[in-house]
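Visitor: I'd like to go over a predicted model; first the sequence, then the structure.
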Amino acid sequence: MSLLSLIMAASAATAPAPMADAATLAAIEATCFDYVDGQLEGDPARVARALHPDLAKRSVIGDTPDERLGLRRMSKEELVSLTRQGALKTPKDQWNRSCRILDVTAETAVVRLETPWFVDHFHMGRYGERWIIVNALWHMKPR
């Protein structure tokens, strides 16, 4: 890699996310919090509202005996069902979560959600004035 390529890559990695208007940022953040707070409250309707019907939620599991470059896959229906079962239901005084908007364009956003248990990286799409999580790549935090 050339020196110029290294400098360009370094500056791109540290460049701030493009600015969006306050209403757009608030709508993106609201979707992120609907998703995570809905899980923590055990409110499947709130979680479902934040997700695209064709959600692709995945985590890297690596090579397995059955699969090379393995991914754990979860659909919107599976995620909503786990929420209904209370899989992540947590007393409100123990909530510690953050949503950080990393990039925004007119129709897409990239967001990082962090809780004490996991990190999600979202691709969101804008549908009218509504932002919806289309893709999520997540991992558990070490315990």
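Guide: Structure's in. What do you need?

Visitor: rest of the way, CA atoms for contacts and neighbours
Guide: Will do.

Visitor: Excluding chain neighbours, give the residue nearest to the residue nearest the centre of the chain in space.
Guide: Residue closest to the average C-alpha location in the chain (C-alpha atoms, centre = their mean): residue 122, at 3.1 Å. Counting by C-alpha to C-alpha, 6 or more residues apart in numbering, residue 122 lies nearest to residue 136, which is 4.6 Å off, once chain neighbours are set aside.

Visitor: what's the helix or strand for the one you found?
Guide: Using DSSP states H and E, residue 136 sits within strand 130-140.

Visitor: Over to residue 30?
Guide: Taking DSSP H and E as the criterion, the element that holds residue 30 is helix 22-41.

Visitor: Quick one: work out the angle between that helix and strand 130-140.
Guide: 50 degrees (axes from the mean of the first three to the mean of the last three C-alpha atoms, to 10 degrees).

Visitor: List the buried residues for helix 22-41?
Guide: 24, 27-41 (16 or more other C-alpha atoms under 10 Å).

Visitor: One more: stretch 121-139?
Guide: Neighbour counts over stretch 121-139 (16+ other C-alpha under 10 Å) mark 121-126, 131-138 as buried.

Visitor: Max pairwise distance over the residues you listed: which two?
Guide: Spanning the widest gap among the buried residues of stretch 121-139 are 126 and 138, at 21.1 Å by C-alpha to C-alpha.

Visitor: Okay, helices next: where are they in this protein?
Guide: 3-14, 22-41, 44-50, 76-84 (DSSP state H).

Visitor: ok, how many other residues are close to the residue nearest to residue 71 when sequence neighbours are not counted?
Guide: In space, and not counting its chain neighbours, residue 71 is closest to residue 60: 4.7 Å by C-alpha to C-alpha, 6+ apart. Residues lying near residue 60 (other C-alpha atoms under 10 Å) number 13.

Visitor: Cheers, nothing more for now.
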